[in-house]
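**Q** Here is a sequence together with a model predicted from it:
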Amino acid sequence: MLPRVLAVMMIVGAAASGAVFSFSSSFETGTEGWTIKTYGYMSAGGTGPAQVASGGYSGGYLQTEDTMDGFLFFIAPVTWVGNLYGGTLSFYLRNENPGNYSLGVSPQPVLWVTDGTTNLFALRGGTLPGVTGTAWTANSVILDGSFSNWSTNPSSLVAPGVGVVSSVLSSVTQVGILADWVWRYNGHPSGCNNPLGSSCVDITGLDEVRLYSAEIPEPGSIGLVLAGLAGLALWWKRVL
């Protein structure tokens, strides 16, 4: 009888194993819990985020403006945390200032995750284009050690090692998406560093953000779990 119990428990465990999560924000009615945060040197700041009713990749979208030095990030809702290893983060970005020199700094981080102790940055590369001109640009990255441009320094390409990446991504306490495309801002003491000679105002749009695990249980898997639990309950009733 014991082998049958073990078999049922193995079925239940296999079907229910792994971190399962699915978060999304489309900003159709508000900011949906998103905030902004700065990281880096000197003083830093920004305005927003503000929900804009139309003009997004799909309807409403989120907008923020970088007003000082440092890196400005859109910060995901506090519920978007936990073991996110192996998940996929996808989103659309847009440069909202046509006069701004898009992606004027290289390398530049596009994604930031932290476990509260170690900060990880996914630096811009072929997988993370950031923005293209002033068009809505799709970005997507898998949160695992295979992404070669992870770094613990937003201005460096030095990889921290797969072990560090895996550890942080398995205990994420905050997720951020970059909203910053030039080093300086209008009014900076050293002047504007825009190569095109136009405005150094970072205004960034964010839309259709999704963060989801590699595997969401299919209805068949859920049924398998329920069947396994039912079988276990039946066996327990017979034993009693």
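**A** Okay, I see it. Just so you know, these numbers come straight off a predicted model, no measurement behind them. Numbering: from 1, shown residues only.

**Q** lowest confidence element among the helices and strands of this protein?
**A** Using mean pLDDT, DSSP states H and E, the weakest-scoring helix or strand in the chain turns out to be helix 2-16, at a mean of 37.

**Q** which element follows that one toward the C-terminus?
**A** For helix 2-16, the succeeding helix or strand toward the C-terminus, using DSSP states H and E, is strand 22-25.

**Q** quick one: contacts for residue 26?
**A** When contacts are counted by C-beta atoms under 8 Å, 6 or more residues apart in numbering, residue 26 touches 32, 58, 59, 60, 207, 208, 209. Placement of C-beta: from N, CA and C, glycine included.

**Q** Can you select the buried ones from those residues in ChimeraX?
**A** Buried residues among the contacts of residue 26 (16 or more other C-beta atoms under 10 Å), as a ChimeraX selection:
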select :32,60,207,208,209
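
**Q** between the contacts of residue 26, which is nearest residue 78?
**A** residue 32 (11.7 Å; C-beta to C-beta).

**Q** any idea whether the nearest residue to residue 77 once chain neighbours are set aside is helix, strand or coil?
**A** Sequence neighbours aside, residue 33 is the residue nearest to residue 77 in space, at 3.3 Å (criterion: C-beta to C-beta, 6 or more residues apart in numbering). Put simply, residue 33 is coil when judged by DSSP: H, G, I helix; E, B strand; the rest coil.

**Q** One more: residue 164?
**A** Following three-state DSSP, the label given to residue 164 is helix.

**Q** Hmm, it is touching residue 170, no?
**A** No - checked against C-beta atoms under 8 Å, the pair residue 164 and residue 170 is beyond contact range at 10.9 Å.

**Q** Dump the contacts of residue 26 to JSON lines, plus pLDDT, secondary structure and distance to residue 80.
**A** As requested, these are exported to JSON lines (pLDDT from 0 to 100; DSSP: H, G, I helix; E, B strand; the rest coil; distance: C-beta to C-beta, whole Å):
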{"residue": "32", "pLDDT": "97", "secondary structure": "coil", "distance to residue 80": "11"}
{"residue": "58", "pLDDT": "91", "secondary structure": "coil", "distance to residue 80": "20"}
{"residue": "59", "pLDDT": "93", "secondary structure": "strand", "distance to residue 80": "21"}
{"residue": "60", "pLDDT": "96", "secondary structure": "strand", "distance to residue 80": "19"}
{"residue": "207", "pLDDT": "97", "secondary structure": "strand", "distance to residue 80": "16"}
{"residue": "208", "pLDDT": "97", "secondary structure": "strand", "distance to residue 80": "15"}
{"residue": "209", "pLDDT": "97", "secondary structure": "strand", "distance to residue 80": "9"}
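
**Q** tell me which of the contacts of residue 26 is nearest to residue 93?
**A** Relative to residue 93, the closest of the contacts of residue 26 is residue 207; by C-beta to C-beta it sits at 8.1 Å.
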